[in-house]
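J.: Quick one, fold the following:
(one chain, ligands or ions: 1)
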Amino acid sequence: MPTHLEPPSTKHHPVPSSHQSHHGLRLDHNQAATPWTSKSCTVGIRLEDVKAAADHRLTRPKRLLTTKTTKRQLPGHVLALAQRRRLLIAKAKELEKRKVIAQAKAGQRGGQYGTIEPSNVMTDDISPSVASRSVTTPALYVIKASPGKGLGMFATNDILQGTRILAEKPFFSLAERPEVSDSDPHAPSDISQAFDRLPPSEQSKYMSLHCPERPDSSSIFSIYEANCFEMGSGTCICLDASRINHSCVPNAYFSWNASIGRETLHAVKDIPMGEEITISYCPAYHTLDERKRKLEPYVFTCRCPACRPDTVFGIRSQVRRQQMLDLHEEIAEYQEDPLAARIEYRHGDERSAILSLVNVIEEEGLVYEKSLAFHEAAECYLKRGLREEALRYANKELDVDHCCVGKDSPSYKETMAFFLRIYFGGEEMLD
Ligand SMILES: C[S@@+](CC[C@H](N)C(=O)[O-])C[C@H]1O[C@@H](n2cnc3c(N)ncnc32)[C@H](O)[C@@H]1O
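T.: As a prediction, the model looks like this:
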């Protein structure tokens with residue numbers, strides 16, 4: 001089953017050819033190796049964080065004053081940045097205030113990226129199983145029939161982009177055992193033993209989850225494969241999250257947040273009340289045929305806009321997905337051998353290939369994938385000594401990560417660290 005893979009500390013570019021293991025809702029993108037440089041940071045800018053980090057840094061005078069870069073940049077440049085920062089902070093506060101008002105009007109609680117605490121966020125003083133059960137009357141979504149798809153998750157309010165829709169504790173989990181198989185790190189016996197340890201009432205909840213008809217395997221195994229999510233180095237079942245259906249152009253993003261020990265779901269677009277909330281069970285860097293193959297274990301035919309070759313969007317999507325793959329390869333080539341790449345490819349340099357990739361991703365209506373592209377763009381500008389541009393793209397990366405994983409996610413914090421390293425001195429500051 002498709003699984004959201006959120007590695008604890010790094011993000012990697014997707015490499016379609018090596019994507020083998022999409023069991024359950026395990027999201028593959030984090031797992032994939034990549035010819036691109038691995039990304040060691042994460043998400044969306046909150047100016048308060050920049051300010052807090054800046055203040056923190058300024059209270060560490062020794063390090064500040066012994067930094068070659070800082071000494072060189074203190075005059076004028078720092079003052080201008082500080083001035084700009086003050087203006088941006090004021091603007092961000094105003095925007096935040098407006099968003100809170102808008103969300104209050106929409107009947108939601110909270111009002112910023114990642115700050116909404118939906119009613120299904122469980123407290124630590126109840127067991128995961130009880131907690132999962134308590135997710136029956138969530139504020140932002142309802143689980144109900146989705147025509148042709150079984151059950152699905154639907155927005156009960158207008159949900160703003162970046163809102164944390166769900167933060168669910170695992171119902172039960174399994175440590176990964178790569179020795180079992182590369183593509184399927186869980187032995188059926190691991191799953192049935194974990195199942196046997198559940199109390200009968202929990203077993204019946206487990207058995208009520210969707211079970212694809214697969215004659216080759218037991219129901220307990222098929223249910224796990226069709227419903228499990230990546231969870232650090234293992235996988236888990238979350239009762240509500242398991243009801244989210246797939247779209248190749250999803251409106252939400254699912255990831256494991258190790259800081260809070262929960263699977264989180266964020267709106268990557270504004271989701272109108274009544275709309276189905278969807279995630280992608282497989283990586284975006286796949287052609288239509290490849291996606292079909294990846295989705296086979298789930299035993300359904302995807303009819304999302306990207307999988308409709310009878311529509312204009314569907315036709316164009318096929319071109320774009322191929323472009324994404326080609327650009328991915330081209331960027332890797334520029335990083336490995338720029339001279340050879342310049343002869344072979346039309347873009348002339350890595351930077352313009354990355355910017356083309358960002359455009360294609362945007363046209364395709366994908367969001368999370370932009371984070372990696374923005375990161376590459378930031379690093380690329382940094383390599384050329386174009387710090388302001390690098391900062392601009394690191395800032396965009398931070399925004400995407402903020403929207404997709406939330407500020408409390410370790411990967412967001414890594415992206416913030418990356419952003420701040422550029423902000424405070426560029427590449428020389430990278431340690
Ligand atoms: C993790 S479950 C999702 C919730 C499930 N619909 C339910 O009733 O519990 C995965 C299963 O949902 C169905 N499904 C998911 N996305 C779908 C889609 N886009 N179209 C049709 N069926 C879908 C498939 O049967 C798939 O095996």
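J.: Number of residues surrounding the residue in the chain that the ligand sits nearest to?
T.: Closest approach between the chain and the ligand, counting by C-beta to the nearest ligand atom: residue 150, at 2.7 Å. Bear in mind the C-beta positions are built from the backbone N, C-alpha and C, glycine included. Using other C-beta atoms under 10 Å, residue 150 is surrounded by 12 other residues.
J.: Find the nearest non-adjacent residue to it, please.
T.: Sequence neighbours aside, residue 210 is the residue nearest to residue 150 in space, at 5.5 Å (criterion: C-beta to C-beta, 6 or more residues apart in numbering).
J.: Next: residue 348.
T.: Distance criterion C-beta to C-beta, 6+ apart; nearest residue to residue 348, sequence neighbours excluded, is residue 342 at 6.4 Å.
J.: if I read this right, that neighbour contacts residue 349, doesn't it?
T.: Yes: counting by C-beta atoms under 8 Å, residue 349 is a contact partner of residue 342 at 7.3 Å.
J.: got any residues that touch both of these two?
T.: By C-beta atoms under 8 Å, 6 or more residues apart in numbering, residue 342 and residue 349 have these common neighbours: residue 334.
J.: which SSE is residue 202 in?
T.: If you go by DSSP states H and E, residue 202 is part of helix 200-207.
J.: near the ligand, which residues of this protein?
T.: Listed as neighbours of the ligand in the chain under the rule C-beta under 6 Å from any ligand atom: 25, 148-152, 210, 212, 226-227, 242-243, 245-247, 298-300, 302.
J.: rewinding a little: angles on the backbone of the residue of the chain closest to the ligand, please.
T.: The phi/psi pair for residue 150 (degrees, to the nearest 10) reads phi 80, psi -140.
J.: by contact count, what packs against the helix holding residue 202?
T.: Packing partners of helix 200-207 (3 or more C-beta pairs under 8 Å, 6 or more residues apart in numbering; DSSP states H and E): helix 128-133, helix 219-227.
J.: where does the stretch 201-350 of the chain dip in pLDDT?
T.: For the stretch 201-350 of the chain, no stretch has pLDDT under 70.
J.: buried residues in stretch 156-167?
T.: 156-160, 162-167 (16 or more other C-beta atoms under 10 Å).
J.: So which residues of this protein form strands?
T.: Secondary structure of the chain (DSSP state E): strands located at 141-146, 150-155, 164-168, 172-175, 229-231, 234-237, 245-246, 252-257, 262-267, 276-279.
J.: Check whether residue 273 really touches residue 160, as I assumed.
T.: No: contact criterion C-beta under 8 Å: residue 273 and residue 160 do not qualify, at 11.7 Å.
J.: How about the residue nearest to residue 404 when sequence neighbours are not counted: which residues does it bridge to?
T.: Distances taken as C-beta to C-beta, 6+ apart place residue 253 nearest to residue 404, at 4.2 Å, with adjacent residues excluded. Beta-bridge pairing for residue 253 (DSSP bridges): residue 266.
J.: Just list the residues touching residue 253, thanks.
T.: Residue 253 makes contact with 265-266, 268, 279, 367-368, 403-405 under the criterion C-beta under 8 Å, 6+ apart.
J.: now swap in residue 174 and tell me
T.: 186, 190-191, 194, 224, 228, 234-236.
J.: ok, now residue 264?
T.: Here residue 264 is in contact with 164, 166-168, 254-257, 405-406, 409 (C-beta under 8 Å, 6+ apart).
J.: ok, so of the residues you listed, who is nearest residue 309?
T.: Each of those was scored against residue 309 by C-beta to C-beta, and residue 254 proved nearest at 26.8 Å.
J.: Residue 267 is in contact with the closest one, correct?
T.: No: between residue 254 and residue 267 there is no contact under C-beta under 8 Å: 11.3 Å.
J.: Neighbour count for those two, which is higher?
T.: Counted by other C-beta under 10 Å, residue 254 and residue 267 do not tie: residue 254 has more neighbours, with 31 against 25.
J.: Check the gap between the more buried one and residue 142 for me.
T.: 18 Å (C-beta to C-beta, to the nearest Å).
J.: Could you do residue 376 as well?
T.: Residue 376 sits 39 Å away from residue 142, going by C-beta to C-beta.
J.: Compare these two (neighbour count), which wins?
T.: Of the pair residue 376 and residue 142, residue 376 is the one with more neighbours under other C-beta under 10 Å, namely 25 against 15.
J.: thought that one was touching residue 354?
T.: Yes: contact status for residue 376 versus residue 354: in contact at 5.0 Å, counting by C-beta under 8 Å.
J.: Now for the two: what residues contact both?
T.: Listed contacts common to residue 376 and residue 354 are residue 331; contacts here mean C-beta under 8 Å, 6+ apart.
J.: just checking, residue 175 touches residue 236?
T.: No: the criterion here is C-beta under 8 Å, and residue 175 misses it with residue 236 at 10.2 Å.
J.: neighbour count winner among those two?
T.: Ranked by neighbour count (other C-beta under 10 Å), residue 175 and residue 236 place residue 236 first, with 27 against 12.
J.: show me what contacts the more buried one?
T.: Contact analysis of residue 236 by C-beta under 8 Å, 6+ apart lists 170-174, 228-229, 263.
J.: if we go to 6 Å?
T.: By C-beta atoms under 6 Å, 6 or more residues apart in numbering, residue 236 lies in contact with 170, 173, 229.
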